[in-house]
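*Asks:* Next come a sequence and a model predicted from it.
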Amino acid sequence: MQDQIHRLPKVELHSHLEGTIRPALAKEIATRNNITLDPNLFQVNGSYAWSDFPSFLKAYDSVSSCLKSGKDYQDITYEYLKDCAKENVVYAETFISPDHAAECGISYDDMISGIASGIDDAERDFGIIGRIIVTCVRHLGPTQGLNVVHTMVDNPHPYVVGFGMGGDENAYTLEEFADVYKIAKKAGYKCTVHAGEICGPESVWDAIKYLPISRIGHGVNCIKDEKLMGELQQRNIHLEICPGSNLSLSIFPDWNSHPLPSIMRKSISISLNSDDPPFFNTTVGQEYHDSAKHFNLGIEDLKQISEMAMKASFIDSKIKSRLIDKIQKFQS
Ligand code: ADE
Ligand code: ZN
């Protein structure tokens with residue numbers, strides 16, 4: 001089974017590029033940029049130090065501060081996609097945050113062209129296909145969200161396939177971001193939003209009521225509302241589920257209490273994702289292995305998950321069909 005899971009062509013739809021930077025790489029990039037990272041960012045064993053959701057978001061911001069150029073973005077993209085390709089991930093969509101780049105003095109164009117070069121290099125070297133979802137940061141508010149979406153729409157790039165939002169779910173309301181998302185949707189971008197991770201089912205209701213989304217980041221707290229689960233299934237709203245992240249952030253106390261099996265039984269489309277791999281000591285491949293073990297999933301279940309993920313991806317239909325075909329042809 002281990003080998004079958006390893007060989008299965010897998011798909012990642014939910015990772016934050018700045019959150020994929022391994023501690024050693026963050027230190028290396030910081031050193032070459034003459035930046036001193038806060039020593040409190042690291043535990044004695046070298047991994048990132050944080051204790052709860054707010055301190056995780058702070059640590060994430062600290063790690064991002066090592067970046068200073070498009071080349072840094074190129075390197076972190078390449079390293080992330082290389083790690084994915086080693087686990088037979090054939091397609092990865094990653095969230096990127098122009099607000100974090102701006103904070104580091106990096107322009108939108110430099111950030112995007114750096115990431116695009118990393119994507120090209122990784123496809124050439126490993127065959128993996130990468131694409132970009134531009135995100136705004138919820139706790140920076142809707143006015144800043146408007147800046148981000150306008151920048152994205154005014155500077156189109158073929159690898160930018162979608163728009164989303166991360167950050168603190170308790171800040172502002174989703175209704176306040178309706179205009180931001182309207183602009184992305186009108187310009188042809190597919191949309192996703194973090195909801196139902198920290199907050200309850202009402203946040204998922206708000207997402208489907210106010211935003212033109214076809215996917216939700218996490219959404220796992222829909223489990224507390226039968227009617228909502230029916231709605232997600234009916235509307236074919238895909239949930240980007242990140243079990244390892246949920247357990248690390250204590251959204252659920254243990255694997256037994258994680259709702260993924262119940263959500264799957266409701267025929268809601270889902271994927272398995274890493275979110276911020278080194279922060280949560282995971283990878284997308286690890287999520288497949290852990291889910292097989294703890295949720296008692298067989299290789300055909302995992303193949304179905306990979307196929308659901310590819311179908312929910314934001315890439316153009318030609319590449320999507322080719323990769324769906326590749327997953328369907330997988331022989332365990
Ligand atoms: N940014 C990075 N990871 C995140 C998460 N799990 N939730 C919200 N915002 C994030
Ligand atoms: Zn996330």
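*Replies:* Looks like it came in fine. Residues are numbered from 1 along each chain as shown. Ligands and ions are numbered 1, 2, ... in the order given.
*Asks:* Give the closest residue to the closest residue to ligand 1 within the stretch 1-150 of the chain in space, chain neighbours not counted.
*Replies:* Closest residue of the stretch 1-150 of the chain to ligand 1, C-beta to the nearest ligand atom: residue 16 (4.1 Å). Heads up, the C-betas are built off the backbone N, CA and C, glycines and all. Leaving aside its sequence neighbours, residue 16 sits nearest to residue 95 (C-beta to C-beta, 6 or more residues apart in numbering; 4.8 Å).
*Asks:* Please apply the same query to residue 43.
*Replies:* Excluding its sequence neighbours, the residue lying closest to residue 43 (C-beta to C-beta, 6+ apart) is residue 49, at 4.7 Å.
*Asks:* ok, the one you found touching residue 41?
*Replies:* Yes - counting by C-beta atoms under 8 Å, residue 49 touches residue 41, with 6.1 Å between them.
*Asks:* if I look at those two, which residues touch both of them?
*Replies:* Here residue 49 and residue 41 share the contacting residues residue 59, scored by C-beta atoms under 8 Å, 6 or more residues apart in numbering.
*Asks:* between these two, which one's more packed in?
*Replies:* Using other C-beta atoms under 10 Å as the criterion, residue 49 and residue 41 rank with residue 41 on top: 19 against 15.
*Asks:* How many residues are close by the closest residue to that one other than its chain neighbours?
*Replies:* Leaving out its chain neighbours, the residue that sits closest to residue 41 by C-beta to C-beta, 6+ apart is residue 62, at 5.0 Å. Per other C-beta under 10 Å, the neighbour tally for residue 62 reads 18.
*Asks:* what's the answer for residue 74, then?
*Replies:* Each residue near residue 74 was counted by other C-beta under 10 Å, and the total is 22.
*Asks:* And for residue 280?
*Replies:* Neighbour tally, residue 280, other C-beta under 10 Å: 22.
*Asks:* My guess is it contacts residue 244. True?
*Replies:* Yes - counting by C-beta under 8 Å, residue 280 does reach residue 244; the two are 4.9 Å apart.
*Asks:* which neighbours do these two share?
*Replies:* With C-beta under 8 Å, 6+ apart as the test, residue 280 and residue 244 both reach residue 274.
*Asks:* can you tell me which helix or strand residue 208 belongs to?
*Replies:* Using DSSP states H and E, residue 208 maps to helix 201-210.
*Asks:* Quickly run through the sheet partners of the helix or strand following that helix, with directions.
*Replies:* Proceeding N to C from helix 201-210, the next assigned helix or strand is strand 215-218, under DSSP H and E. Partner strands and pairing direction for strand 215-218 (DSSP bridges) are strand 190-195 (parallel), strand 238-241 (parallel).
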